[in-house]
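**Q** 3D model of this:
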Amino acid sequence: MKFALTTEQTQFAETLDTLLAKSDVTRAWANGDHAPARAVWRKLADLGVTALVQEGEPSDLVVAMEAIGFHCLPGPAIETVAVLPALLDGTSLGTVAVPPHVPYAVDADAADRVFVVEGNVVFAAEPRTRVASVDPCRRLFTVTAGAEIGRFDGGEAFERGV
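**A** Next up, the predicted model:
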């Protein structure tokens, strides 16, 4: 079996590479200036990157995440692109804590929406205490659960509000 990108995926990868190669935003993010990276995230949303989980193929998501990782784009990338798209509006950055396995929310101070998942219940959350991280571009925060947003039904379906 041969795995190869389609022509469209190759063009998508080249577009992302061109956009992200021009983006020197990592140092600004590490110093607390989120505006330059958020501008790049808006451009990625315009390209459909934040909707790939819902509208694309799994391999499209791989293309996007490889480019984001290769260019070290700061922000809660996995959370925004792969985990939370159904809970975000397509242009927002989101992060999530899933204790006990993922006890901290990444970049909760810069995210538009913060969540915590406990069992099969999703709650809105508030960032609390910053926790030391070895990577200054990935700030970790404890979070406190707030209002319930919805529940997973045990499969992949999510039911908003209860």
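**Q** residues in contact with the longest strand along the chain?
**A** For the chain, the strand with the greatest residue count under DSSP state E is strand 140-152. Residues outside strand 140-152 that contact it (Cβ atoms under 8 Å, 6 or more residues apart in numbering): 87, 97, 103-106, 108-109, 114-116, 118, 120-133, 158-162. Yep, even glycine has a C-beta here, placed from its N, CA and C like the rest.
**Q** Are any of the residues you listed buried, and if so which?
**A** Those of the contacts of strand 140-152 that meet the buried threshold are 87, 97, 104-106, 108, 114-116, 122-125, 127, by 16 or more other Cβ atoms under 10 Å.
**Q** right, and out of those residues, which lies closest to residue 22?
**A** Distance to residue 22 across those (Cβ to Cβ) is lowest for residue 106, with 24.3 Å.
**Q** Can you get me a residue count around the closest residue to the closest one other than its chain neighbours?
**A** Nearest in space to residue 106, with sequence neighbours left out and distances taken as Cβ to Cβ, 6 or more residues apart in numbering, is residue 76 at 4.8 Å. When neighbours are defined as other Cβ atoms under 10 Å, residue 76 has 25 of them.
**Q** returning to what we had before: from the buried ones among the contacts of strand 140-152, which shows the smallest pLDDT?
**A** Across the set of those, residue 87 stands lowest in pLDDT, at 87.
**Q** wait, what's in contact with that one?
**A** By Cβ under 8 Å, 6+ apart, the neighbours of residue 87 are 94, 113, 115, 122, 149.
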